[in-house]
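J.: no sequence for this one, just the structure:
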């Protein structure tokens, strides 16, 4: 088998970690899979002798994946300026409800934790690409700054500063979240939404709540964030009125309680929430069909 760098099993076994890194860096499952595939393509393009010289294939693949993601992040801002409406990260279903059509296996690889919640990924979007890489690799995956320096092409001290500035953004932009009672709040939102009970919805929504929808220009969705509990409640009731027969289901969305709307067995909308002090402070609604591919229709 040659040197350490030539073990096929060792190299293939890194895919889980790489995909988890890529998704957190990019917020897009498709882009993450593309980045990981590019890293593997570059690995197998190396001469066999060069691969055998590499002591840690995992570290090499992580560095390359990080650099590919950094390039994607650099161009993402321009692409998202052309995006129709608001851009939101892909919502991830629970493993049991993942659409495995075509033999896709992300459900077996993705780890659903606090670092994939919509709330966390949305704040990551506000960071510079370098800050995002530093925060994700160090704070989420515990890579040392010496290794992150190889990804960013900066000194370890500079990477430490980037992570610190990224953490400040997290503190400034993330509201304190109360985990207790999340399920019940989402359950009450579902009930009020189904019955078009605007008064109940207003009571469940923080007065300063914000709803952001992502239709990608492919399907109908409000193009700008809706601000204020009363306005959001009226919007939600109007949506329900326009979609008779729409079925609402309580589901895990990126590891936290959320709602899935489907019609005729097809998932049309996935909603996730940020909840504090028993009220919804943020609501993210993804309707772009491209981002709902992992969701199993008829689940």
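T.: Received it, and whenever you're ready, just let me know what you need. Since we're looking at a predicted model, the values are computed, not measured.
J.: what's the domain layout of this structure?
T.: 4-173, 182-292 (automatic domain parsing).
J.: Export those as CSV, with columns for mean pLDDT and mean neighbour count.
T.: Yep, even glycine has a C-beta here, placed from its N, CA and C like the rest. Converted to CSV, these look like this (pLDDT from 0 to 100; neighbours: other CB atoms under 10 Å):
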stretch, mean pLDDT, mean neighbour count
domain 4-173, 91, 18
domain 182-292, 93, 18
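J.: what are the ranges of the helices in this protein?
T.: Assigned by DSSP state H, the chain shows helices spanning 8-12, 15-26, 29-45, 48-53, 57-81, 106-109, 118-125, 129-135, 145-152, 156-173, 182-194, 198-204, 229-242.
J.: if we compare the ones you listed, which one ends up closest to residue 285?
T.: Among the helices of the chain, the nearest to residue 285 by CB to CB is helix 229-242 (9.0 Å).
J.: Packing partners of that closest one?
T.: Where contact means 3 or more CB pairs under 8 Å, 6 or more residues apart in numbering; DSSP states H and E, helix 229-242 is packed against helix 182-194, helix 198-204, strand 205-214.
J.: let's see it at 6 Å
T.: Packing partners of helix 229-242 (3 or more CB pairs under 6 Å, 6 or more residues apart in numbering; DSSP states H and E): helix 198-204, strand 205-214.
J.: Quick one: closest of the ones you listed to residue 71.
T.: Residue 71 lies closest to strand 205-214 among the helices and strands packed on helix 229-242, at 23.4 Å (CB to CB).
J.: Can you list the strands that the closest one pairs with?
T.: strand 226-227 (antiparallel), strand 279-286 (parallel) (DSSP bridges).
J.: can you put the helices of the chain in TSV and add distance to residue 96?
T.: Shown next, in TSV, are the helices of the chain (distance: least, CB to CB, whole Å):
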stretch	distance to residue 96
helix 8-12	25
helix 15-26	18
helix 29-45	17
helix 48-53	38
helix 57-81	28
helix 106-109	8
helix 118-125	20
helix 129-135	30
helix 145-152	34
helix 156-173	31
helix 182-194	17
helix 198-204	28
helix 229-242	27
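J.: So for residue 249, which of those sits nearest?
T.: Proximity to residue 249 (CB to CB) singles out helix 182-194 among the helices of the chain, at 8.3 Å.
J.: and that closest one, how far out from the chain's middle?
T.: 23 Å (CA atoms, centre = their mean, to the nearest Å).
J.: Quick one, which of the strands paired with strand 205-214 gets closest to residue 173.
T.: strand 279-286 (10.7 Å).
J.: Show me what the closest one is in contact with.
T.: 88, 91, 118, 175, 204-206, 209-214, 270-274 (CB atoms under 6 Å, 6 or more residues apart in numbering).
J.: what does stretch 228-236 contact?
T.: 193, 198, 201-202, 205-207, 209, 211, 226.
J.: can you give me the offset of that stretch from its chain's centre?
T.: That offset, for stretch 228-236, works out to 25 Å (CA atoms, centre = their mean).
J.: sorry, back to before: residue 22 is nearest to which of the strands paired with strand 205-214?
T.: Of the strands paired with strand 205-214, nearest to residue 22 by CB to CB is strand 279-286, at 19.0 Å.
J.: re earlier: nearest to residue 296, of the helices of the chain?
T.: Distance to residue 296, taken as CB to CB, is lowest for helix 106-109 among the helices of the chain, at 9.7 Å.
J.: now the closest one, how far from the centre of its chain.
T.: 14 Å.
J.: for stretch 283-299, same thing?
T.: Counting by CA atoms, centre = their mean, stretch 283-299 comes out at 12 Å from the chain centroid.
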